[in-house]
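Colleague: how would this look folded up:
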Amino acid sequence: MSNDIAYCSAHELAQRLRQKNIGVLELCDYSIDRIERLDAHLNAVVVRDFDRARQAAKVLDNTPVEQRGVLAGLPITIKESHNIAGLPTTWGIPEYKDILAEEDAHIVTRYKRSGAVFLGKTNVPLGLADFQSYNDIYGTTRNPWDLERTPGGSSGGSAAAVAAGLAALETGSDIGGSIRNPAHFCGVYGHKPTHGIVPPQGHALPGAIASPDIAVCGPLARSAEDLALAMSIISGPEPLDAPAWQLALPQPEKTSLSQFRVAVWLTDEQCPVDTETQNKLMAVAELLSANGAQVSFSARPAFSAEQSHRAYLTLMQSIMGASAPEDVYQHSKKLAAKFGPNDMSEPAVLARAMVADHRDWLRANNVREKLRYHWRDFFSQWDILLCPQMASAAFRHDHSDSMSKRTICVDGEEQPYFQQVFWSGLITAPYLPSTVFPAGLTESEPASGLPIGIQAVGAEYNDYVTIDFCRLLANELGGFRAPPMDFAK
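Modeller: Sure, this is the predicted structure:
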C-alpha cells in the first residue's frame with residue numbers, strides 16, 4: 001500500500017472503505033505496521049489495542065457497507081484521558097496505571113457506532129496540565145517536525161499521531177489550549193467546541209462523573225472537513241439531557257471568503273507574540289483582504305483583556321484546586337494567604353483561585369457572563385476573529401521540575417511559561433468555539449521549518465462556521481502538509 005495513504009484525510013479513507021477500494025483489516029494492519037515502525041521515535045500511541053482492533057476490523061469487513069456507519073471501519077486513536085473499556089485511563093498519574101476502565105467513554109461509543117476501529121490511546125502530560133506531553137508511566141512524546149521539540153499538551157500524543165500519519169482522526173480535550181496548542185505545534189487542524197455541545201462522560205479519572213466548567217472535548221485532524229465530520233459524530237446533548245432537547249448548530253451560509261468580516265488580533269501586552277507568528281497572521285489577513293473579505297486590525301470586544309484573563313485564571317485554577325490532593329490544597333491555602341486581597345498579579349490570582357470558595361467562583365462566573373454578552377455583541381458585527389494560539393512555535397523539551405520557573409523564548413526575550421495560556425483563555429472562559437488551522441512554517445533560524453497555527457474564533461455555537469471558514473481558507477492558503485519525518489528513512 002502506498003505511503004501516500006498515511007496522509008489521506010479521514011473522509012477520503014472512509015469513502016475508499018465504503019467503495020471497498022481498501023479492506024477494513026487491510027487498512028487496520030497498514031496503520032498498525034506504521035505505528036510499530038515509526039512510533040519508537042515519537043512515542044505518541046502509548047496504549048495499544050491492536051488485537052481487538054483487528055478483531056473489530058474483521059467483523060466490519062463482513063458487515064454490509066450500508067450498515068458500517070459513516071466511518072466505515074476507519075482506524076483511529078484517542079487521547080489517553082478517554083475511557084476505553086479494558087484499557088487504563090491514567091491522565092499520566094502513576095497511581096492509576098493498573099486501573100482499567102469498565103466501560104467506554106460517551107465519545108468512544110459514538111465513534112464505534114459510526115464504524116471507527118480504535119487502535120489505542122495517545123500520550124498526555126501528568127494530570128493533563130502542561131504544554132508538553134510526558135509522564136512517568138509512558139515517557140515523552142516528541143514532535144514529528146523536530147524530535148527535540150514538544151508536540152504540545154495536553155493532547156500532544158493526539159496531534160503527533162495525526163501529523164505523522166499514524167491515525168487519520170483524533171479526539172482530545174481542552175481547558176487551557178490542550179487541543180489548540182498541539183494542533184499549532186504539529187501543523188494539524190484542531191477544534192475546541194462551544195462548551196457543552198460535546199458530552200465529556202468518560203473523560204475523567206475514576207469516581208468523577210460531573211462535567212467540569214470550561215473544559216471541552218474536540219477533534220484533531222488533517223483537514224477542516226474531517227473536523228466537521230468528527231463533530232457530526234461526537235456532538236449532541238448530554239446523556240441526561242437527551243430526553244428533553246436536541247442540538248441544532250447553525251450551518252455555514254457563506255460560500256466564499258469575500259463574504260466574511262474578519263477581525264485580527266495580532267498580539268497583546270498580556271502575552272506578546274513573536275515576529276514569525278505575527279507575520280503568518282498578517283499574511284492570512286492580507287490573503288483574506290485580497291479575496292474581498294472585510295478585515296480590521298482594530299476591532300475588539302468591549303472589555304479589558306486583563307480582566308478577561310483574570311476571570312479565566314480563576315475559573316481554570318479553581319477546577320485544578322477542586323481535584324488537588326489535600327497536602328497540595330493546604331499548601332495552596334498558606335501561599336494564597338501571603339498575597340494581599342488587592343494584589344492582582346498573576347501569581348496572586350492563581351494562588352487564590354486554587355482555594356477559591358463558592359463566593360469567589362460566583363464572582364468570576366459573573367464576570368464571565370458579562371464577557372459572553374460582550375462577545376455576542378462583537379460577533380453581531382464580525383464573523384471571525386483571528387488571533388494567535390501561542391506566542392511562538394514549538395519549543396525544545398523542558399522537563400525542569402518547577403513549571404513556575406520555566407520560560408519560553410519569544411523574539412530573544414524570556415517570557416513566563418504559564419503566561420502562554422492567555423490566548424487560549426481569552427476564548428475558553430466565554431465558551432467560544434475556536435478552530436486552529438496551519439498557516440505555514442517558520443522561516444528564521446535557529447527554529448526554521450516549524451508549523452504555525454492560528455485560531456479562527458466565532459460566536460457561541462458557530463462551530464461549523466469557524467470550521468468551514470478554515471476549509472475555504474485552505475483552498476487559498478493550502479492546508480496540512482506532512483512533516484519531513486527524516487527519522488523514518
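
Colleague: please report phi then psi for the residue most central in space within the chain.
Modeller: Residue closest to the average C-alpha location in the chain (C-alpha atoms, centre = their mean): Ile179, at 0.8 Å. Note on Ile179: backbone dihedrals following degrees, to the nearest 10 are phi -100, psi -50.

Colleague: got the residue ranges for the helices in the stretch 51-200 of the chain?
Modeller: 106-113, 156-163, 180-186 (DSSP state H, counting those that start in this stretch).

Colleague: contacts for the last one, please.
Modeller: In other words, helix 180-186. By C-beta atoms under 8 Å, 6 or more residues apart in numbering, the residues outside helix 180-186 that reach it are 131, 133, 143-145, 149-156, 158-160, 162-163, 172, 174, 188-190, 192, 220, 389-390, 393-394, 420, 424, 434, 436, 450-455, 483. Any C-beta I mention is one placed from the backbone N, CA and C, and that applies to glycine too.

Colleague: packing partners for the lengthiest helix in the chain?
Modeller: Assignment by DSSP state H gives helix 358-378 as the longest helix of the chain. Helices and strands touching helix 358-378, by 3 or more C-beta pairs under 8 Å, 6 or more residues apart in numbering; DSSP states H and E, are helix 305-322, helix 346-354.

Colleague: so where's this structure uncertain?
Modeller: 1-3 (pLDDT under 70).

Colleague: which residues are in contact with the nearest residue to Arg48 once chain neighbours are set aside?
Modeller: Excluding its sequence neighbours, the residue lying closest to Arg48 (C-beta to C-beta, 6 or more residues apart in numbering) is Gly120, at 4.2 Å. With C-beta under 8 Å, 6+ apart as the criterion, the residues that contact Gly120 are 35, 45-50, 53, 77, 87.

Colleague: between the residues you listed, which sits nearest Glu369?
Modeller: Thr77 (37.0 Å; C-beta to C-beta).

Colleague: residues in contact with that closest one?
Modeller: Contacts of Thr77 (C-beta under 8 Å, 6+ apart): 45, 118-122, 158, 161, 166-167, 170.

Colleague: of the residues you listed, grab the buried ones for PyMOL.
Modeller: Selection of buried members from the contacts of Thr77 for PyMOL, criterion 16 or more other C-beta atoms under 10 Å:
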select buried, resi 45+118+119+120+121+122+158+161+166+167+170
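
Colleague: for the contacts of Thr77, which one is nearest Pro206?
Modeller: Nearest member of the contacts of Thr77 to Pro206, counting by C-beta to C-beta, is Lys121, at 16.0 Å.

Colleague: distance of the closest one relative to Ser173?
Modeller: 12 Å (C-beta to C-beta, to the nearest Å).

Colleague: same question, Trp375
Modeller: Taking C-beta to C-beta, one finds Trp375 at 22 Å from Ser173.

Colleague: repeat for Pro341
Modeller: 33 Å.

Colleague: now swap in Pro438 and tell me
Modeller: Separation of Pro438 from Ser173 (C-beta to C-beta) stands at 21 Å.

Colleague: how about Thr89?
Modeller: Per C-beta to C-beta, Thr89 is found 12 Å from Ser173.

Colleague: now list whatever residues contact both of these two.
Modeller: Joint contacts of Thr89 and Ser173 (C-beta under 8 Å, 6+ apart) are 81-82.

Colleague: now for Lys121 and Ser173: what residues contact both?
Modeller: With C-beta under 8 Å, 6+ apart, Lys121 and Ser173 have common neighbours 79, 82.

Colleague: ok, how many other residues are close to Lys97?
Modeller: Neighbourhood size, Lys97 [other C-beta atoms under 10 Å]: 14.

Colleague: and it, what does it touch?
Modeller: For Lys97, the contacting residues are 88, 90, 137, by C-beta under 8 Å, 6+ apart.

Colleague: coming back round to it: and the helix or strand following the longest helix of the chain with helix 358-378, angle?
Modeller: Next helix or strand after helix 358-378 toward the C-terminus (DSSP states H and E): strand 384-388. Counting by axes from the mean of the first three to the mean of the last three C-alpha atoms, to 10 degrees, strand 384-388 points 120 degrees away from the direction of helix 358-378.
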